[in-house]
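*Asks:* With the input below, show me the fold.
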Amino acid sequence: MASIALFRWARTTAIALQVRAERRRLLALDQAALKDMGFNKGQAQCEASRPFWDVPANRLKG
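*Replies:* Numbering: from 1, shown residues only. I've put the predicted structure just below:
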């Protein structure tokens, strides 16, 4: 049972770190690229500043 809990913790942590990296990459995009994705600079900054444990539920499924 402990190994299952450890696996879930490791998987969740890995996903959270991946999401954090994706959010931070938003900051490197120019205005045109953000607009193509439906974002502006303020929204990208807001998204990038979210805590790493704030992961969308659909990313944790599976």
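*Asks:* show me where pLDDT drops low in this structure?
*Replies:* 62 (pLDDT under 70).
*Asks:* In it, which residue is most central in space?
*Replies:* Nearest residue to the geometric centre of the chain (C-alpha atoms, centre = their mean): V19, 2.2 Å.
*Asks:* where exactly do the helices run in the chain?
*Replies:* Taking DSSP state H as the criterion, the chain carries its helices at 2-26, 31-36, 41-48, 57-60.
*Asks:* Let me know which of those helices is tucked in deepest.
*Replies:* Mean neighbours per residue, mean count of other C-beta atoms under 10 Å, is largest over the helices of the chain for helix 41-48, with a mean of 14. C-beta coordinates here come from the backbone N, C-alpha and C atoms, glycine included.
*Asks:* which ones are touching the residue nearest to the centre of the chain?
*Replies:* Shown in contact with V19 (C-beta atoms under 8 Å, 6 or more residues apart in numbering): 52, 55-56, 59.
*Asks:* and with 6 Å instead?
*Replies:* The contact partners of V19, by C-beta atoms under 6 Å, 6 or more residues apart in numbering, come to V55.
*Asks:* distance of it from I4?
*Replies:* According to C-beta to C-beta, to the nearest Å, V19 and I4 sit 23 Å apart.
*Asks:* just K41 next, same as before
*Replies:* From K41 to I4 the distance is 42 Å (C-beta to C-beta).
*Asks:* now swap in G42 and tell me
*Replies:* Note on G42: its distance to I4, by C-beta to C-beta, is 41 Å.
*Asks:* and if you look at V55?
*Replies:* According to C-beta to C-beta, V55 and I4 sit 19 Å apart.
*Asks:* Same question for P56.
*Replies:* Here P56 is placed at a distance of 23 Å from I4 (C-beta to C-beta).
*Asks:* same check, this time on E47
*Replies:* Taking C-beta to C-beta as the criterion, E47 is separated from I4 by 32 Å.
*Asks:* again, but for F52
*Replies:* F52 is 23 Å from I4, where distance means C-beta to C-beta.
*Asks:* just T13 next, same as before
*Replies:* Counting by C-beta to C-beta, the gap from T13 to I4 is 15 Å.
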